[in-house]
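Colleague: okay, structure incoming, though there's no sequence with it:
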């Protein structure tokens, strides 16, 4: 196993990764979808309506409730964040990083945006 495969496995071992339908239900219950894909990827693949757009390199600063750069939604460590990338790899590492900051309800979308789209859930921008 490569080092990155081990890191991914370790990250995922502590995440309860919802599938797209469960993630949509969680959003209906107040969770926040966070799309970390870069603009070029969103342009090619489509958008997640209602998702917060935070590219990966800003994620921790925007979601940490103790950061001066936090978003208004980052009110405390109990907020439910569902991080999304294209296929669900980078988002697992990002969600684990958020948990390291104490954001205990951070997770990621199993299969990423592509799984969301394949499930027939709403997408925009195309």
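Modeller: On my side now, so go ahead. Note that this is a predicted model, so its numbers are computed, not measured.
Colleague: alpha carbons only for contacts and neighbour counts from here, please
Modeller: Fine.
Colleague: residues in contact with the residue nearest the centre of the chain?
Modeller: Residue closest to the average C-alpha location in the chain (Cα atoms, centre = their mean): residue 83, at 0.3 Å. For residue 83, the contact set (Cα atoms under 8 Å, 6 or more residues apart in numbering) comprises 33-36, 91-92, 94-95, 106-109.
Colleague: in the chain, which spans are helices?
Modeller: 3-13, 20-28, 39-45, 59-63, 90-100, 112-118 (DSSP state H).
Colleague: of those helices, which stretch is the most buried?
Modeller: helix 90-100 (a mean of 22; mean count of other Cα atoms under 10 Å).
Colleague: can I get the helices of the chain in CSV including mean pLDDT?
Modeller: Formatted as CSV, those follow (pLDDT from 0 to 100):
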stretch, mean pLDDT
helix 3-13, 97
helix 20-28, 98
helix 39-45, 96
helix 59-63, 98
helix 90-100, 98
helix 112-118, 98
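Colleague: those: which one's closest to residue 52?
Modeller: Among the helices of the chain, the nearest to residue 52 by Cα to Cα is helix 59-63 (10.4 Å).
Colleague: one step back: turn the helices of the chain into a markdown table, columns for distance to residue 77.
Modeller: Converted to a markdown table, these look like this (distance: least, Cα to Cα, whole Å):
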| stretch | distance to residue 77 |
| --- | --- |
| helix 3-13 | 19 |
| helix 20-28 | 17 |
| helix 39-45 | 28 |
| helix 59-63 | 9 |
| helix 90-100 | 9 |
| helix 112-118 | 23 |
